[in-house]
Each structure stands twice: as C-alpha cells, then as structure tokens.
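In: compute the structure for the input listed below.
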Amino acid sequence: QVQLVESGGGLVQPGGSLRVSCIASGDTFSSYYVGWFRQAPGKEREFVATISRGGGMTHYADSVKGRFTISRDSARSTVYLQMNSLKPEDTAGYYCAAGLGYGTDRRTYEYAYDYWGQGTQVTVSS
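Out: Got it, this is the predicted structure:
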C-alpha cells in the first residue's frame, strides 16, 4: 500500500505560479505511475497530468499543456506539479493518485489509480 499526502496549495493571482507536492510513504513508490487530478466545486473530477514509473514519460490534459509540468523525485518519494500562468478556471482541489496495473493509454482515467491523497486546494483569484 501507498499513502499519499498533497501539500503546497494556496491562493495565487491570475498569471501566477504555484507548485504542489505529493509525498508518498509505504510501499516502493518507484513501482507506481502517478497522476494528478482536480475537482472544482460542482464539477466532476478531471485528469490533469500523469508521469511514468521512471519519470521518462508524461502526459497532460489539453487544458494545462504548456503551462503545467509534472515531475518526480524518487529519492524523496515525491511527485510535483508545477503550475504556471494560472487562470481562475484552474481553481480546484488537486489530488494525486498512484497506480500499478494499467497501460499509458488508460492513465487519464480515475479507475487506473489504486491510491489517492486527500487533496490540496488551489485558488486562482485577484
């Protein structure tokens, strides 16, 4: 099993930057691919980004491509989501998740992930 804890959320102005982190404990974190999802009030949770076990492959939702960067530090059992050029529509709870059993073409779906964190709130507002 893996336990995931997100941190780094907060209030930021439009156009600003923020980095959220996901720290893992428990099982060997490097065995898992990791994704970030977000959920805005009144909306369904949606895929944001995912990174492979070794960190060599990443994939992003079209809405964040070119603005967000996912990375991982295996030595620290941590995955980061660097968010630049933030927009009010990026306001949401951000959740990291870890999975084992699905190929890259399925990792945009929630069912591909076995473990989830509690989330960290990101608010983009002036």
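In: going forward, measure contacts between C-alpha atoms and count neighbours the same way
Out: Fine.
In: may I have the beta-bridge partners of the residue nearest the centre of the chain?
Out: Nearest to the mean C-alpha position of the chain, by C-alpha atoms, centre = their mean, lies residue 36 at 2.2 Å. With DSSP bridges as the criterion, residue 36 is bridged to residue 49, residue 96.
In: ok, now residue 83?
Out: For residue 83, the beta-bridge partners are residue 18, residue 68 (DSSP bridges).
In: and it, what pLDDT?
Out: On the pLDDT scale, residue 83 is placed at 98.
In: check the gap between it and residue 42 for me.
Out: 22 Å (C-alpha to C-alpha, to the nearest Å).
In: ok so, going back, which ones are touching the residue nearest to the centre of the chain?
Out: 47, 48, 49, 50, 81, 94, 95, 96, 97 (C-alpha atoms under 8 Å, 6 or more residues apart in numbering).
In: now tabulate those in TSV and tack on neighbour count and distance to residue 63.
Out: Converted to TSV, the contacts of residue 36 look like this (neighbours: other C-alpha atoms under 10 Å; distance: C-alpha to C-alpha, whole Å):
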residue	neighbour count	distance to residue 63
47	21	10
48	25	8
49	25	10
50	28	14
81	23	14
94	27	15
95	27	17
96	30	18
97	27	19
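In: so can I have a markdown table of these showing distance to residue 16?
Out: What follows is the contacts of residue 36, written out as a markdown table (distance: C-alpha to C-alpha, whole Å):
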| residue | distance to residue 16 |
| --- | --- |
| 47 | 21 |
| 48 | 18 |
| 49 | 19 |
| 50 | 22 |
| 81 | 14 |
| 94 | 17 |
| 95 | 20 |
| 96 | 21 |
| 97 | 25 |
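In: A helix includes residue 105, no?
Out: Yes - counting by DSSP: H, G, I helix; E, B strand; the rest coil, residue 105 is part of a helix.
In: got the contact list for it?
Out: No contacts exist for residue 105 under C-alpha under 8 Å, 6+ apart.
In: so what pLDDT did it get?
Out: We have a pLDDT of 87 for residue 105.
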